[in-house]
Every structure is written in C-alpha cells, then in structure tokens.
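> Just a sequence and a predicted model for now, questions to come.
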Amino acid sequence: MTKIPSVVTGADIVQWLMKNLCMEDPAEAMHIGSLIAAQGYFFPISDHVLALKDDGTFYRFQAPYFWPSNCWEPENTDYAIYLCKRTMQNKTRLELADYEAENLARLQRAFARKWEFIYMQAEAQVKIDRKKDKTERKILDSQERAFWDVHRPVPGCVNTTEMDIRKCRRMKNPHRVKKSVYGLAEEGSQCQSPVHTPSHLCRKGTKEDVEKEILFLNTQLDRHCMKMSKVADSCSTGTSHTVCKGGIPRWRTWLRKENTRHSMHFTASPHLSVLVHPRISKRRGRLTSELCLIMYTEQYMEYDPLVTALEPANPWASDDPSFWDLEASKEPSQPRVKKWGFSLEEALKDPAGQELFLKFLESEFSSENLRFWLAVQDLKRMPQQEVAQRAQDIWTEFLAEGAPSSINLDSHSYERTSQNLKDPGRYSYEDAQDHIYKLMKSDSYTRFLRSNVYQDLLMAKKKPDTEQGRRTSLEKFTRSVGKSLTGKRLTGLMQSS
C-alpha cells in the first residue's frame, strides 16, 4: 500500500462512515458510500464503475476542482480532447476501454471539420503533463479518468449528472457559463484547473457592454410579433367560432402595409402557386412566413367547407349525392381545374389533371419524365416480391444505355441510383425521382399552365352553360326515377317469392 500514493481501502471507508455517522449496519454504510462514490467524490483507482466495496480495493479522493458541486457541464469537445490524450500515451493504464474507443470514433465523425484543432489541444496537454512529477501525473490521470466516468459513465451505469439539483437551479441563473475542463472557454471560472493554466483573466462588463445590451433589448421589443390567437379572435364570430370571410382580408390589408413598409415586393398570379420561396434575408424571414401562411389560406379558402359553403353540398353532411356524381364524371369541374394551377402536386394528385398533363408532355415529346415519375410511385406501392424485378425494368426503360425512353439525369443522381440498384428496393430511385420532379416543376409545369390546353379548359369551365346544366338535371332525374323503379321491381319479386 505504501507503493501506491494517496489511496485508502474500501473497508477503511466503510469503517469510517459507520464510526462518524453512528451506523450499526455495514450495508447501510456501503449504500451511503456508493452514493458518494457515484457522484465522484472518491473512486476506485482500477475500475470505471464508481461503487464502494467493503474489501481491500484501493480508492482515491477526487480533487476539489473536479467535484460535481462545481456544477460541471463538460462538452463533447473536452471529452474528445481527453480521449485523444489517452491514445497518445503508450501506457497500459491509459488504454481506452471498448466503449471509450467507440465514443472516440463517434466524436471523430461528429467533429471532422475541427478534429485538427482537437488533436492540437490534446498534444499541448500531453506536453504539459510530461513536465510534471511522475507521482503527481499518476494521481492526476486517475482523477481525470474518474471525472469522465461521472459525466460519461460506462454503458449500463446510472448517469448521476442528469438530474442534479444544483444544476437545475443553475439553469435558471442567466449568468451561468459553460465551463471547459481544458480552458477552451475559461470565462467565469473562479477555481483554476490542475490540468490547464488560463492564459487570461475574465474581463468584467463595461458601460459600453451594458449600453449595447440595452439597445439590443429595445430593438427586440420594437419588433412586431403576430400571435395566431389574435388571428383567431379577429376571424371568429358568434359562439360557434366559425371562421368568417371578413377576417382574412383584414389581415391581408395589414400584411400588405407591412410589405410596403419593409420594401418587400411580391407577385402572385391567381392560378399559380403563391407560396413564395424564402430567398430573402433572415431579418425579413418572419414576416414572409406569415405572409405566405395568409396567402395559402386565401388560396384554399374556397375548398374548405368550414369557411365556404361548397356547391354541391357535402354528401357526408347531407343527403344530396350530387358531389359523387360530379367527381365521377369524366369532365372535371371548374374548381378542380383551377386547383391544378396551385402546384404540380395538386395537378398530379387528380387523375384528370395527371392525364391532361401527360397529354401536354406528349405534345412536347417529353412524356418520359412523367412516366418515369409515375413508375417510381408505383414501385413504392408494389408487393415486396415484385420490387426487384420492377426496379430493373425501370432502369432498362429509362436509364440504361440505349433506353427507349431515356431521361435526363445529372451525374450525381445517376451515380447514387446506380449504387442503390446493387441492392434494389422501393426507394432506390428516390434521388432520380426528386431530380425529375424539380425539372418538371420548374420547366414543363410552368409551360403547361400557360398552354392553350389548360387555359381553354379553365376558361370553358368559367362560362355558364345553362344547356349543360339542364341536361345534367334531366340526367339526375332520369337516374333517380330508374333507381326507384328498380327498387319497386325487386320488392315485388321478393314478396311474390
């Protein structure tokens, strides 16, 4: 025991606790001692598991700098420096355990960009350690290891730092500072690290700093903050809280005033998507998000039965089946045609819109893009046993050399797709599908909205056609009479039988 400096046996600690805490049961003393050891106030010199044993195991007391009462919040950068420092020293007692080696590999991937800086910090710490006395270095290495055993415990052990009362209280303190073990951010620390000598002292706040903080807070107070609760209050009437049509235009007027004040100009066609891409500065991002939200609500307002009374009536809330008949007809209604102009997604969701868009692409000799996109969509819904064969068929038809319907892919998407096909799955063409979708959205879809095919259909649906309305009403009447006669015949046959 004399050869190992600054150690005490576990049996001695148990006896000391029983004597000074007036305990009669050794198990109770071991329990109290294990709780103290779990916090890192003393630790076994040859084990990562912080627990007290009533035997001859050697324990060492932790340095006050590493006590958990200092409210440590060590960062992963410090842990990476510690593990690197361990790997640089060819000593058996400093070899990494399996879980530490895994943590080092994970941290190296996470901090790939700043790993050179971490490695340099570790080298500097190793040079400092080599200048110290051998006995002092051994004690400090064990204390440092015990510190990280508390804050980065062995898998399966309880992390005692997760719910620390002192740390919870400290989180409410606005002046708290995260401390670095190796002096990477030594501001505000009052006790000096035994493993690092700080290069400069913490600078106190000056009058200029306080004035800057006051100016910043006043700027934050001047910023307008629109709450959705206020929107709901201004757009609700009566006790049923149904949204009225008057609230939305009022908010649009306010937003247009804000737009003029901030010199933000935007244009939105009534049949094109009004979701403006956020290519603006961060200072104006909040206002644009609110603006897009209001404009999106306006755009889809006539399709929302809670805001606008739909014609025909909702078949789930009424006995009128006209809505089903209208949706089942081959000719789409005017609201459906108008909705195709909102976005490419809306056009592809509607079978009639998808068919019309495909015909337009065929007229431009670029239908292979949409056929490829639809084939990939079908691939995602296929039975698992058919996925591999269908994935190969798609490659042969659209991407292979000399393919009958070759599509235009960038090199990155082509390489990713070819790599994915080595183990074909439902999402092997995900990158290629996204690329083709963006091409159609930015090129073909905009021409489709300006084409005579779409514009003629849209204008034709807007014109009132009384003759078609009378024909539709007559067809409804004939269909209902036919259904009633059929029902009566079936009833008569059942009664006769």
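Arrived safely.
> Residue 460: neighbouring residues, count only.
Neighbourhood size, residue 460 [other CB atoms under 10 Å]: 12. All C-beta spots, glycine's among them, are computed from the backbone N, C-alpha and C.
> Relative to residue 311, how far out is it?
Distance, residue 460 to residue 311, using CB to CB, to the nearest Å: 18 Å.
> Then residue 412?
For residue 412, the distance to residue 311 - CB to CB - is 49 Å.
> Likewise for residue 405?
From residue 405 to residue 311 the distance is 42 Å (CB to CB).
> With neighbour numbers in mind, choose between the two.
Each of residue 405 and residue 311 has its neighbours counted (other CB under 10 Å); residue 405 has more, 13 against 10.
> sec struct for that one, please.
Following DSSP: H, G, I helix; E, B strand; the rest coil, the label given to residue 405 is coil.
> got the CA coordinates for stretch 128-138 in PDB?
Only the C-alpha atoms of stretch 128-138 are listed here, as PDB (Å, rounded to 0.1, in the frame of the first residue of the first chain):
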ATOM      1  CA  ILE A 128       2.300  19.900 -20.200                       C
ATOM      2  CA  ASP A 129       1.700  16.500 -18.400                       C
ATOM      3  CA  ARG A 130       5.200  15.300 -19.300                       C
ATOM      4  CA  LYS A 131       6.700  18.200 -17.400                       C
ATOM      5  CA  LYS A 132       5.000  17.100 -14.100                       C
ATOM      6  CA  ASP A 133       6.300  14.700 -11.500                       C
ATOM      7  CA  LYS A 134       5.600  11.000 -12.100                       C
ATOM      8  CA  THR A 135       3.600  10.500  -8.900                       C
ATOM      9  CA  GLU A 136       1.700  13.700  -9.500                       C
ATOM     10  CA  ARG A 137       0.900  12.700 -13.000                       C
ATOM     11  CA  LYS A 138      -0.400   9.300 -12.000                       C
END
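> Got the domain ranges for this protein?
For the chain, automatic domain parsing gives the domain ranges 8-61, 73-171, 228-303, 342-450.
> just flag whichever of the ones you listed has the lowest average confidence.
The weakest mean pLDDT among the domains of the chain belongs to domain 228-303, with a mean of 53.
> roughly how far apart are the residue most central in space within the chain and residue 101?
When CA atoms, centre = their mean is applied to the chain, the residue found nearest the centroid is residue 110 (17.5 Å). Distance, residue 110 to residue 101, by CB to CB: 15 Å.
> same question, residue 392
Separation of residue 392 from residue 101 (CB to CB): 41 Å.
> Same question for residue 36.
Remark: distance between residue 36 and residue 101 (CB to CB) = 29 Å.
> Apart from its neighbours in sequence, what residue is nearest residue 85?
Nearest non-adjacent residue to residue 85, counting by CB to CB, 6 or more residues apart in numbering: residue 122, 4.4 Å away.
> Go through the helix or strand containing that neighbour and flag the buried ones.
When elements are assigned from DSSP states H and E, residue 122 belongs to helix 115-130. Judged by neighbour count using 16 or more other CB atoms under 10 Å, the buried positions of helix 115-130 are 118, 119, 121, 122, 125, 129.
> could you say what helices and strands that helix packs with?
Using 3 or more CB pairs under 8 Å, 6 or more residues apart in numbering; DSSP states H and E, the elements in contact with helix 115-130 are helix 76-88, helix 134-151.
> which of these is buried the deepest?
Comparing those by mean neighbour count (mean count of other CB atoms under 10 Å), helix 76-88 comes out on top with a mean of 20.
> Output that one as PDB, nothing but the C-alphas.
The C-alpha trace of helix 76-88 is given here as PDB (Å, rounded to 0.1, in the frame of the first residue of the first chain):
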ATOM      1  CA  ASN A  76     -18.100  16.800 -26.100                       C
ATOM      2  CA  THR A  77     -15.100  18.800 -27.300                       C
ATOM      3  CA  ASP A  78     -13.500  18.400 -23.900                       C
ATOM      4  CA  TYR A  79     -14.300  14.700 -23.900                       C
ATOM      5  CA  ALA A  80     -12.700  14.300 -27.400                       C
ATOM      6  CA  ILE A  81      -9.500  16.000 -26.200                       C
ATOM      7  CA  TYR A  82      -9.300  13.700 -23.200                       C
ATOM      8  CA  LEU A  83      -9.700  10.600 -25.300                       C
ATOM      9  CA  CYS A  84      -7.100  11.800 -27.800                       C
ATOM     10  CA  LYS A  85      -4.700  12.500 -25.000                       C
ATOM     11  CA  ARG A  86      -5.200   8.900 -23.700                       C
ATOM     12  CA  THR A  87      -4.400   7.400 -27.100                       C
ATOM     13  CA  MET A  88      -1.200   9.500 -27.400                       C
END
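> Residues in contact with the helix or strand that that helix is followed by: which ones?
Downstream of helix 76-88, the next assigned helix or strand under DSSP H and E is helix 98-110. With contact meaning CB atoms under 8 Å, 6 or more residues apart in numbering, helix 98-110 is reached by 76, 79, 80, 83, 84, 86, 87, 96, 115, 152, 154, 155.
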